[in-house]
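The following comprises the amino acid sequence and a computationally predicted model.
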Amino acid sequence: MTDKVVHNVEESRFDIYSDNELAGFAEYSESDGVRDFHHTVTYPEFRGRGLAAVVVREALHQTQADQKKIVPSCSYVEKFVSQNPEFQELL
């Protein structure tokens, strides 16, 4: 299986595709150089494969590359950042 993350700027989210099928997303709102990640979804048929971690990791890497900060309103993103210290600087 091939997983791919795409920054869907129009929808303000990072989409994750599994074999070219939308499997979930990490949604955010953005203001003044800060992305507030407020919702992470993995569709039921794709759960249990670690795709939420894949999409959130890529979203945070892209946010770093874009030189933006984050607010982890989504409990999953908050937990992910607390468990991955390399993203603490984004807070």
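Alright, I've got the coordinates.

Could you check how far Ser40 is from Thr63?
In this structure residue 40 is Thr, not Ser. 14 Å (CB to CB, to the nearest Å). To be clear about C-beta, it is placed using only N, CA and C from the backbone, and glycine gets the same treatment.

So which of those two has more stuff around it?
Counted by other CB atoms under 10 Å, Thr40 and Thr63 do not tie: Thr40 has more neighbours, with 24 against 21.

Centre of the chain to the helix or strand hosting that one, how far?
Secondary structure from DSSP states H and E places Thr40 in strand 34-42. When distances are taken as CA atoms, centre = their mean, to the nearest Å, strand 34-42 is centred 6 Å away from the chain's centroid.

in the helix or strand that comes right after that strand, what counts as buried?
Using DSSP H and E, the helix or strand that directly follows strand 34-42 along the chain is helix 51-65. Neighbour-count burial for helix 51-65, counted by 16 or more other CB atoms under 10 Å, picks out Leu51, Ala52, Val54, Val55, Val56, Arg57, Glu58, Ala59, Leu60, Thr63.

Can you tell me the closest non-neighbouring residue to Ser12?
Spatial nearest neighbour of Ser12, excluding adjacent residues (CB to CB, 6 or more residues apart in numbering): Tyr28 at 5.6 Å.

Check Phe80 too.
Val56 (5.0 Å).

give the contact list for that neighbour.
Ala26, Phe37, Thr40, Tyr76, Val77, Phe80 (CB atoms under 8 Å, 6 or more residues apart in numbering).

Next: Gln67.
So Gln67 contacts Gly33 (CB under 8 Å, 6+ apart).

No further queries at this time; thank you.
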